[in-house]
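Chemist: Sequence and predicted model, in that order:
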Amino acid sequence: MKTPYLLSVFMILALPLPGWTAEDPGQKQRQEELDRLKVQIQVLETQNRQMQQTLELLKTKLGEMSGTPVPPTIAPPAPVAAPAPAPLIPKAFQIGKSTTVSLYGFLRVDGIVDRSQMDRTHVPMYVRSEDPGAPAAVRARNNEPAFSMDPRLTRIGFDFDGGTPQPLGYAKLTGKLETDFDTVNSGPSSESRQLPRIRLAYLRMAWPEDLTVTLGQQWDVISPLLPGVQAHSVLWNVGNLGDRRPQATVSYDPVLGPGRLSMTGSLGLAGAVDNADLDANSTLDGAQSGMPMLQGRLGYARPLWVEKKDASLGIWGHNAQYSSATAIGLAGQNRFHGESYGMDLTLPMTQKLSFKGEAWQGRNLPDVRGGITQGVNGFGKVIASEGGWSELTYKFSDRYALLVGYAIDNPSDGDILDQAGGRTKNRVWYLGHKWTFGAMEFGVEYLNWVTDYKGLQSGENDRFNFYSQFNF
């Protein structure tokens, strides 16, 4: 499908309009820590006032018993107007004796317009081929449009702060539970009955010596950056690797020179993302292998020429084993290896302009969102792939930012079978506008998405995404 007729639309979309900037993960983490500290201070102030009131009461009682009134050491507060009613759901509150909980999230609605059919509307991985001879699983009619609207990305999260218990060596004890409604695998009963799902659920212990242990469902250690568009699928299988899975992670982040070194490793559940079960015996191939997925990253972050903004560079990789009870394909293999090697770069170029991106290569990658969902071919051979993504963001003002990027996932043609719907390349270039007005955020995104097939006509789609988001 050709797209010259959309050039005028692109020019309009590219006009700088007044508002947003891409989210800085480090800034967000610092802000979350600051919010937690504020909550702790509020709790301590409340406890202090309660203790003072108790002391005054005891002094009064002692004075009554001795017959000598004891004057208060603290003057009674002056009369004040009645406080406003407390919100039904406070942003932060205390549970138990030592745990504080903070609420966060957003309400969001997305409207999506496709000029050609994707494999899935909400969480797409590739464009269907419009070749009449393509298998039904990847075939679509020529220029068949689609429209969708959904609130699936609406998010509710809870941050838990358990203080620094002495039995844990005064480690800072925190946790997180984060949910949304983007139920990809189980699916809702209807588009007005979305089901909740767990995004993140973990506990964390952080010691003063820069050592942190995290246990539970969290983001993969590899491929730590996220593109600024396509929030439903964050360009998985079109250049961006990494997802969330149950895992145990240890990180050591000491100060080194003008910056900070980061060393992170994890043991995770293989098969947690793609649910691969090649022999259909109801046991995930990753679990059946008897081995955890191993991930690691070595990184360094420090300010360069842009004041108060860190540049960072990281190298990372993963190793996983998958096993089937019966041999697969003509090669007669029943054990399959998956691995990746990559790097990530974040580079502030000026106070307004910044770059971020990742590059990688590997094989048997569906479980980490690579290879365009292809891991093992019909002959029982693993599929190799390489790719990455890059993105420039220009912040015109505090309210508006423009971003442009490119992403690609390029499996090895020799590992893809002919006329079987095998995908040989998945690529997208994109343009995004984001506006922020206090708690409200608006966005308009355009993606030109092309998927190549071996022996079949390519699929090409122009995808427009409009969203509104209320942050709390």
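Modeler: Received it, and whenever you're ready, just let me know what you need. What you are looking at is a predicted structure, and each value in this text was computed from that prediction instead of being measured. Numbering: from 1, shown residues only.

Chemist: any idea how far the lengthiest strand in the chain is from the chain center?
Modeler: Ranked by residue count, the top strand of the chain under DSSP state E comes out as strand 310-328. Distance, stretch centre to chain centre, for strand 310-328: 18 Å (CA atoms, centre = their mean, to the nearest Å).

Chemist: Alpha carbons of the next helix or strand after it, as CSV, please.
Modeler: Along the chain past strand 310-328, the next helix or strand (assigned with DSSP states H and E) turns out to be strand 333-348. Written as CSV, here are the backbone C-alpha positions of strand 333-348 (Å, rounded to 0.1, in the frame of the first residue of the first chain):
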residue,chain,number,x,y,z
GLN,A,333,15.5,-31.4,18.5
ASN,A,334,13.8,-31.2,21.9
ARG,A,335,15.9,-28.6,23.6
PHE,A,336,16.2,-25.0,22.3
HIS,A,337,18.5,-22.2,23.4
GLY,A,338,17.6,-18.5,23.5
GLU,A,339,20.0,-15.6,24.0
SER,A,340,20.5,-11.9,23.3
TYR,A,341,23.3,-9.3,23.5
GLY,A,342,22.6,-5.6,23.4
MET,A,343,23.3,-2.1,24.5
ASP,A,344,21.2,1.0,25.5
LEU,A,345,22.1,4.7,25.4
THR,A,346,20.5,7.8,26.8
LEU,A,347,22.1,11.0,25.7
PRO,A,348,20.8,14.5,26.7
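
Chemist: Pull up the pairing partners for the longest strand of the chain, direction included.
Modeler: strand 293-303 (antiparallel), strand 333-348 (antiparallel) (DSSP bridges).

Chemist: Let's have these in JSON lines, adding distance to residue 389.
Modeler: Heads up, the C-betas are built off the backbone N, CA and C, glycines and all. Putting the strands paired with strand 310-328 into JSON lines (distance: least, CB to CB, whole Å) gives the following:
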{"stretch": "strand 293-303", "distance to residue 389": "17"}
{"stretch": "strand 333-348", "distance to residue 389": "10"}
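
Chemist: Kindly reformat these as TSV containing mean neighbour count.
Modeler: Putting those into TSV (neighbours: other CB atoms under 10 Å) gives the following:
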stretch	mean neighbour count
strand 293-303	18
strand 333-348	19
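
Chemist: between these, which gets nearest to residue 250?
Modeler: Among the strands paired with strand 310-328, the nearest to residue 250 by CB to CB is strand 293-303 (10.2 Å).

Chemist: pLDDT of that closest one, averaged?
Modeler: Mean pLDDT, computed over strand 293-303, is 98.

Chemist: repeat for stretch 355-369
Modeler: Stretch 355-369 shows a mean pLDDT of 98.

Chemist: Could you do stretch 221-233 as well?
Modeler: Mean pLDDT, computed over stretch 221-233, is 97.

Chemist: mind checking how far it is from the chain centre?
Modeler: Here the centre of mass of C-alpha atoms in stretch 221-233, compared against the chain's by CA atoms, centre = their mean, lies 6 Å away.

Chemist: Same check on stretch 213-230?
Modeler: 5 Å.

Chemist: ok, now stretch 289-308?
Modeler: Relative to the mean C-alpha coordinate of its chain, stretch 289-308 is positioned 15 Å out (CA atoms, centre = their mean).

Chemist: Just the terminal-to-terminal distance for it.
Modeler: In stretch 289-308, first residue to last residue: 46 Å (CA to CA, to the nearest Å).

Chemist: before we move on, what about stretch 297-310?
Modeler: 18 Å.

Chemist: Spatially, what comes nearest to residue 200 if we skip its sequence neighbours?
Modeler: With CB to CB, 6 or more residues apart in numbering as the measure, residue 178 is the residue that lies nearest to residue 200, at 4.1 Å, once sequence neighbours are left out.

Chemist: who's in contact with the helix or strand hosting the one you found?
Modeler: Residue 178 belongs to strand 172-180 when elements are defined using DSSP H and E. For strand 172-180, the surrounding residues in contact (CB atoms under 8 Å, 6 or more residues apart in numbering) are 36, 105, 152-165, 196-207, 216.

Chemist: Name the residues of the longest strand of the chain that are buried.
Modeler: Within strand 310-328, the residues that qualify as buried by neighbour count (16 or more other CB atoms under 10 Å) are 310-312, 314, 316-324, 328.

Chemist: residue ranges with poor pLDDT in the stretch 101-250 of the chain?
Modeler: With pLDDT under 70 as the threshold, the stretch 101-250 of the chain has low-confidence stretches at 184-189.

Chemist: Spit out the contact partners of residue 356.
Modeler: Counting by CB under 8 Å, 6+ apart, residue 356 touches 22, 225, 344-347, 390-391, 393.

Chemist: so what strands line up beside the helix or strand where it lies?
Modeler: Applying DSSP H and E as the criterion places residue 356 in strand 353-363. Applying DSSP bridges, strand 353-363 is found paired with strand 333-348 (antiparallel), strand 384-395 (antiparallel).

Chemist: Please render the ones you listed as CSV that adds mean pLDDT and distance to residue 112 to the earlier fields.
Modeler: As requested, those are arranged in CSV below (pLDDT from 0 to 100; distance: least, CB to CB, whole Å):
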stretch, mean pLDDT, distance to residue 112
strand 333-348, 96, 28
strand 384-395, 98, 20
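
Chemist: Which strands or helices does whichever strand or helix holds residue 463 pack on?
Modeler: Using DSSP H and E, the element containing residue 463 is strand 456-471. Counting contacts by 3 or more CB pairs under 8 Å, 6 or more residues apart in numbering; DSSP states H and E, the secondary-structure elements packed against strand 456-471 are strand 99-114, strand 440-453.

Chemist: what angle do the longest one and strand 172-180 make?
Modeler: So the one you mean is strand 99-114. Going by axes from the mean of the first three to the mean of the last three CA atoms, to 10 degrees, strand 99-114 is angled at 30 degrees with respect to strand 172-180.

Chemist: Report all helices and strands that strand 99-114 contacts.
Modeler: In this structure, strand 99-114 packs against helix 25-66, strand 92-95, strand 146-150, strand 155-161, strand 456-471, with contacts taken as 3+ CB pairs under 8 Å, 6+ apart.

Chemist: what comes up buried for it?
Modeler: 100-102, 104-106, 108, 110, 112, 114.

Chemist: Ramachandran coordinates for the closest residue to residue 194 other than its chain neighbours?
Modeler: Here the nearest residue to residue 194 in space, its sequence neighbours aside, is residue 181; by CB to CB, 6+ apart that works out to 3.9 Å. When quoted as degrees, to the nearest 10, the phi and psi of residue 181 stand at phi -130, psi 20.

Chemist: Can you give me the neighbour number for residue 181?
Modeler: Counted with other CB atoms under 10 Å, the burial measure for residue 181 works out to 18 neighbours.

Chemist: Tell me which residues touch it, please.
Modeler: Under the criterion of CB under 8 Å, 6+ apart, the neighbours of residue 181 are 151-154, 188, 194-197.

Chemist: if I look at it, how far off is residue 406?
Modeler: As for residue 181, its distance to residue 406 is 30 Å (criterion: CB to CB, to the nearest Å).
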